[in-house]
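Asker: one predicted model, sequence on top.
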Amino acid sequence: MQLTTLGLSVPLLAGCSGPQSALDPAGPMAREVAVIWWAMFGFASLVLLVVIALWVYAMRRPHRALDEAQAKKINRAWIVWGGLVLPSASIGLLLLFGIPAGHRMLPLPIVGEQPLRIEVIGHQWWWEVRYPDSGVVTANQLHLPVGRPVDLDVTSDDVIHSFWVPRLGGKIDMIPGRHNRIRLHVDRPGTYRGQCSEFCGTQHSHMILDVQAHDEDGFSAWLDARRQPRVSALPGPAGDTFASHCGTCHRVAGVSEGQRAPDLTDVGSRSSLGSGVLANEPGAVLRWLRDHQQLKPGNGMPLTDDIDPDHLSAIAAWLETLAP
Ligand code: CUA
């Protein structure tokens, strides 16, 4: 019995940490969410224990003969206390803590401080990330400064997605034609993970956001490196193939201006390809270009069968170098 309990609790406890655990908060907003979660868990456990105790008592107590009036009175007491007072008090208590916590997560103006503004646009199935104040555009990665509030303006280009970085704060829907805002606050540098949390089609689970929090200098350096990207176009016929086959959808700053698909200006510096599908190791770009419909079936990129294999290899090798 003890071994079984231990065996069951190990995977449960493992869920309390890791890059995507809301119970391992890395900022004040996420901490409030975690505290409310633990309070709800504690209260729910208490209710469960009380219900179990009552059940055991009901099974074991000696039988008492009650007349109809007494039975009615006991029934009424259960309905009033267990069915009305207890749920009302629980919901009241939850709202008492939940409403102020929710209020503190709103992107309200802060006196003397200008939060950093970032736009995140959901696509089937990738994330477009824009830093409007510096003109930097990237995809599937979100870089943030530590110790400074960040206001995310989120929307969607197609269906409803949901933005959620569990260790940094609450989640918010990304709705086509509508701009929602959420404030995040990170208080220690590190790597976090976001995941679309609204089912948005077959590759919903492959909509992963790599989140990196830097100290103020590290963040400025990251942004500055991308403000003036030094990208040279791929020369020769492979470059022409890129322009005719890839550049109409993908943007590479100074080379192509496509808008439909992820911006590739710094693709060589990203941790993954296909929004978390493939680790971005040497050779991974070529593998993605050849097999992307096997790796992420249904993604919006056409097959590359009609491209000369030598051109494809040259394009992949060039894309790997696109890192500031
Ligand atoms: Cu996007 Cu689920």
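Answerer: Yep, that arrived. Not measured: the values here are computed from a predicted model.
Asker: when you work out contacts or count neighbours from here on, use the C-alpha atoms and nothing else.
Answerer: OK.
Asker: near the ligand, which residues of the stretch 1-150 of the chain?
Answerer: Trp125 (CA under 6 Å from any ligand atom).
Asker: residues near Leu278, how many?
Answerer: 17 (other CA atoms under 10 Å).
Asker: straight-line length of stretch 135-151, end to end?
Answerer: This stretch, stretch 135-151, spans 16 Å end to end (CA to CA, to the nearest Å).
Asker: same deal with stretch 76-85?
Answerer: 12 Å.
Asker: the chain should start at 589 in everything you say after this.
Answerer: Got it, the first residue is 589 from now on, which makes the last one we talked about stretch 664-673.
Asker: how about the contacts made by Gly606?
Answerer: Residues in contact with Gly606 (CA atoms under 8 Å, 6 or more residues apart in numbering) are Asp612.
Asker: just the helices in the protein please.
Answerer: With DSSP state H applied, the chain shows helices at 590-602, 616-648, 656-666, 674-692, 804-815, 824-829, 872-883, 897-908, listed in chain order.
Asker: could you dump the ones you listed to CSV with mean neighbour count and mean pLDDT?
Answerer: Formatted as CSV, these follow (neighbours: other CA atoms under 10 Å; pLDDT from 0 to 100):
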stretch, mean neighbour count, mean pLDDT
helix 590-602, 10, 54
helix 616-648, 14, 91
helix 656-666, 11, 90
helix 674-692, 13, 88
helix 804-815, 15, 93
helix 824-829, 16, 90
helix 872-883, 18, 94
helix 897-908, 18, 93
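Asker: near the nearest residue to Gly842 once chain neighbours are set aside, how many other residues are there?
Answerer: What sits nearest to Gly842 in space, not counting adjacent residues and going by CA to CA, 6 or more residues apart in numbering, is Val819, at 7.0 Å. Val819 has 16 neighbouring residues, counting by other CA under 10 Å.
Asker: Val819 and Ala841 touch, don't they?
Answerer: Yes. In this structure Val819 lies within contact range of Ala841 using CA atoms under 8 Å: 7.1 Å.
Asker: what sits in contact with each of those two?
Answerer: With CA under 8 Å, 6+ apart as the test, Val819 and Ala841 both reach Thr853.
Asker: ok, the closest residue in space to Gly723 that isn't next to it in sequence - contacts?
Answerer: When the adjacent residues along the chain are set aside, Gly723 lies closest to Arg815, with 6.8 Å between them (CA to CA, 6+ apart). Going by CA under 8 Å, 6+ apart, Arg815 touches 722-724.
Asker: how much space between the residue nearest the centre of the chain and Pro817?
Answerer: In the chain, the centroid-proximal residue (CA atoms, centre = their mean) is Gly782; its distance is 2.5 Å. For Gly782, the distance to Pro817 (CA to CA) stands at 26 Å.
Asker: and the residue nearest to Pro733 when sequence neighbours are not counted, how far from the ligand?
Answerer: Excluding the flanking residues, the one nearest Pro733 by CA to CA, 6+ apart is His802, at 5.1 Å. According to CA to the nearest ligand atom, to the nearest Å, His802 and the ligand sit 26 Å apart.
Asker: likewise for Gln800?
Answerer: For Gln800, the distance to the ligand - CA to the nearest ligand atom - is 20 Å.
Asker: pretty sure that residue contacts Leu732?
Answerer: Yes. Here Gln800 reaches Leu732: they are 6.2 Å apart, a contact under CA under 8 Å.
Asker: who's more crowded, those two?
Answerer: Between Gln800 and Leu732, Leu732 has the larger neighbour count (other CA under 10 Å), namely 27 against 18.
Asker: for that one, list each beta-bridge partner.
Answerer: Ala801 (DSSP bridges).
Asker: that one contacts Gly806, doesn't it?
Answerer: No. With contact defined as CA under 8 Å, Leu732 and Gly806 do not form a contacting pair (9.6 Å).
Asker: near the ligand, which residues of the stretch 789-912 of the chain?
Answerer: 792, 795.
Asker: pLDDT value on the residue in the stretch 789-912 of the chain that the ligand sits nearest to, please?
Answerer: The ligand sits closest to His792 of the stretch 789-912 of the chain, with a gap of 3.9 Å, by CA to the nearest ligand atom. As predicted, His792 sits at a pLDDT of 96.
Asker: surely it and Trp713 touch.
Answerer: Yes. Between His792 and Trp713 there is a contact under CA under 8 Å: 6.6 Å.
Asker: who has more neighbours out of the two?
Answerer: Trp713 (25 against 17).
Asker: quick one, strands of the stretch 639-788 of the chain?
Answerer: Assigned by DSSP state E, counting those that start in this stretch, the strands in the stretch 639-788 of the chain fall at 704-711, 714-719, 724-727, 729-733, 738-744, 749-752, 759-762, 768-772, 778-783.
Asker: by how many degrees do the longest one and strand 768-772 diverge?
Answerer: What it means is strand 704-711. 130 degrees (axes from the mean of the first three to the mean of the last three CA atoms, to 10 degrees).
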